[in-house]
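Student: Okay, here's the prediction I keep looking at, along with the sequence it came from:
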Amino acid sequence: MVRSPLTPAEVERGQRLGALLRRARGRHSMLDVALASHISPETLRKIESGRVATPAFSTVAAIADTLGLSLDAVWAEINQAERPVDDQSVLPVARHPSLVP
């Protein structure tokens, strides 16, 4: 199966998703979040860096659950095209109990 190239808008949305997840992860290690989400640290690294611009829904849902993020809020945040990728605003995040120090 041949996959169509991503549009610039999809690439930008993936970058916003990665930036959001990095901010929400805060001081927690990538390894801790990945393991708690049942994904590989490499997958999380690729998503956070924007290299995987369109991760599977189940992957995003698992990460969001681990970080205590609402999927509705994540969707709203990553679809705000006028916001720069490096914007430091962040959604309110309730930490997953297994990630609280």
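Tutor: Okay, I see it. Residues are numbered from 1 along each chain as shown.
Student: okay, CA-based contacts and neighbour counts for the rest of this
Tutor: Noted.
Student: quick one: low-confidence parts of the protein?
Tutor: 81-101 (pLDDT under 70).
Student: tell me which element Ile47 falls in.
Tutor: Assessed by DSSP states H and E, Ile47 sits inside helix 41-49.
Student: Can you show me the CA trace of that helix as PDB?
Tutor: Output of helix 41-49 as PDB, limited to C-alpha atoms (Å, rounded to 0.1, in the frame of the first residue of the first chain):
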ATOM      1  CA  PRO A  41      10.400   5.100  23.900                       C
ATOM      2  CA  GLU A  42      11.400   5.400  20.200                       C
ATOM      3  CA  THR A  43       7.800   5.800  19.200                       C
ATOM      4  CA  LEU A  44       7.300   8.600  21.800                       C
ATOM      5  CA  ARG A  45      10.500  10.300  20.700                       C
ATOM      6  CA  LYS A  46       9.400  10.300  17.100                       C
ATOM      7  CA  ILE A  47       6.000  11.700  17.900                       C
ATOM      8  CA  GLU A  48       7.400  14.400  20.200                       C
ATOM      9  CA  SER A  49      10.000  15.400  17.600                       C
END
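Student: Not counting it itself, show me its contacts.
Tutor: 14-15, 17-19, 21-22, 30-31, 34-35, 52-53, 55 (Cα atoms under 8 Å, 6 or more residues apart in numbering).
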